[in-house]
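**Q** got a sequence here, can you model it:
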Amino acid sequence: MNQVLPSSQIEASKDPQALRAEMKALGARARAAARLLAEAPSEAKRKALEIAADLLEARSAGILAANAEDMARAEARGLSGSMLDRLLLDEARLKGIAKGLREVAATPDPVGEVIADWTRPNGLRIRRVRTPIGVIGIIYESRPNVTADAGALCVKSGNAAILRGGSESFASSGAILEVIREGLRQAGLPEDAVQRVPTRDRAAVGILLGEMVDYVDVIVPRGGRSLVERVQKEARVPVFAHLEGICHLYVDASADEAMAVKVAVNAKMRRTGICGSAECLLFDKAAPEHVAPVVAALAAAGCEIRGDEGVRALAPEAVPASPEDYGHEFLDAIIAAKMVDGVEGAIDHIRRYGSGHTESILAEAAAPVARFFQGLDSAILMHNASTQFADGGEFGMGAEIGIATGKLHARGPVGAEQLTSFKYLVTGDGAIRS
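**A** Numbers count the residues shown, from 1 in each chain. Sure thing, here's the model as predicted:
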């Protein structure tokens, strides 16, 4: 029998069999915890998350110290500015994480919700009722806040979570995880409902994806294309894919110019390293007067604009775009820009280069908005709003695990409701089938 090493020793271990044994033991604990959590009272789940939020604020100094260790390691490794921004925690961001925990706690419990209820002519009453999925594996990069968001949403939806954060956020994520587990303990719920892969060893990801079908019901990847592609290739359970955020902002001829300036700067520059940041700006050729003020405002905010010939002819701040700039997720203060033939041109461009995440149209006329909404099938379509609103918290979900860009089950922000499946409850009165 393989020896199961304590989590504290796994980090230094290079024994694949020991790592495999520890991962499967972790999975077994998660499965047992999921069964208990699936039947947990709503009040207990709410209490666990509220306690975790209080503890997060009370222990902020320790969490920030752990984050400082991660930041120092990441800077030494030469991580990009956008990656460092994703990793950084400060008092304001910790307060935001605690706020998110409380908001998730306050949302309605989806477990047991009756989605549909009907009675057949033969007297059978059929109800479709929400039920937890079971054990959810979540693989993510950089952001330690995902540890809180994912853990909270899984608890709320009655699922156990196995978290595998990025190696660069190992210390920060561990500190946040402890407050969630303490909240579960104090609320009388199994602390193993939220666990993490206790090692930076990349081999653990392969085990989670390919060898734990008896323990894990779905995988949620949150990160760049290489991570998502690896998960989709290796996972032996269903995947809720969170692909790149190649988000577009289309400025229609009917757009209000002041609004276009304000929204474009926010969509790109509020936070450049998040998946809801606009990566491509499309202008209607019928209204060239919109180009110069929007580009000038972006440049003044510190953004590099890579434009086609049409954009550069109207805005001297723009530099030449390469073909590779379209369909690229910069995650930086860089945006591609292009002139298009109205809303149809915008739709054609987005269909070719988009990732199915979020697109926004700025327009005052109703017809182009209706066509934009009809002609595109991204997970989120917006009108006169910044793409940075592509966020579960902004949608009233309290938090999100990611923005699912696939077309099955969960789509758009993945909150507690999206982390449930359903079962049918059928009631008869001695019914038999002829």
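
**Q** any regions of the stretch 151-300 of the chain where pLDDT drops low?
**A** Along the stretch 151-300 of the chain, the parts satisfying pLDDT under 70 run over 243.

**Q** repeat for the stretch 1-150 of the chain
**A** Using pLDDT under 70, the stretch 1-150 of the chain drops low at 1-14.

**Q** repeat that for 50
**A** 1-10, 12 (pLDDT under 50).

**Q** where exactly do the strands run in it?
**A** Under the criterion DSSP state E, counting those that start in this stretch, the stretch 1-150 of the chain contains strands at 114-119, 125-132, 135-140.

**Q** show me what counts as buried in the last one.
**A** Going back to what we said before, that points to strand 135-140. 135-140 (16 or more other Cβ atoms under 10 Å). Just so you know, the C-beta spots here come from the backbone N, C-alpha and C atoms, and that holds for glycine as well.

**Q** tell me the one of those residues nearest Met259?
**A** Tyr140 (34.0 Å; Cβ to Cβ).

**Q** can you tell me which residues contact that closest one?
**A** 146, 150, 163-166, 221-223, 402 (Cβ atoms under 8 Å, 6 or more residues apart in numbering).

**Q** now Arg181. Nearest residue, chain neighbours left out?
**A** Glu191 (4.3 Å; Cβ to Cβ, 6 or more residues apart in numbering).

**Q** cool, Ala363 as well?
**A** Nearest to Ala363 is Asp252, by Cβ to Cβ, 6+ apart, at 3.7 Å.

**Q** separation between that neighbour and Ile347?
**A** Remark: distance between Asp252 and Ile347 (Cβ to Cβ, to the nearest Å) = 12 Å.

**Q** can I assume Ser173 is in contact with Arg143?
**A** No: Ser173 lies out of contact with Arg143 (Cβ atoms under 8 Å); the separation is 9.0 Å.

**Q** which of those two has more neighbours?
**A** Taking neighbours as other Cβ atoms under 10 Å, Ser173 and Arg143 compare with Ser173 leading, 29 against 26.

**Q** how about the residue nearest to Arg73 when sequence neighbours are not counted, secondary structure?
**A** Excluding the flanking residues, the one nearest Arg73 by Cβ to Cβ, 6+ apart is Glu168, at 6.8 Å. Counting by DSSP: H, G, I helix; E, B strand; the rest coil, the backbone at Glu168 sits in helix.

**Q** distance-wise, check Glu168 relative to Ser142.
**A** Glu168 is 6 Å from Ser142, by Cβ to Cβ.

**Q** need the overlap of contacts for those two.
**A** Joint contacts of Glu168 and Ser142 (Cβ under 8 Å, 6+ apart) are 83, 87.

**Q** more crowded one of these two?
**A** Ser142 (27 against 23).

**Q** how many neighbouring residues does the residue nearest to that one when sequence neighbours are not counted have?
**A** Of all residues beyond its chain neighbours, the one nearest Ser142 is Arg86 (4.1 Å), with distances taken as Cβ to Cβ, 6+ apart. By the criterion of other Cβ under 10 Å, Arg86 has 23 neighbours.

**Q** kindly report the same for the one 5 residues further on.
**A** Counted with other Cβ under 10 Å, residues neighbouring Glu91 total 11.

**Q** repeat that for Ala28.
**A** 14.

**Q** contact partners for it?
**A** Tyr215.

**Q** got the domain boundaries for the chain?
**A** The chain breaks down by automatic domain parsing into domains covering 16-242+409-425, 247-394.

**Q** wait, a helix at Val237?
**A** No: using three-state DSSP, the assignment for Val237 is coil, not a helix.

**Q** having no further points to raise, I will conclude here.
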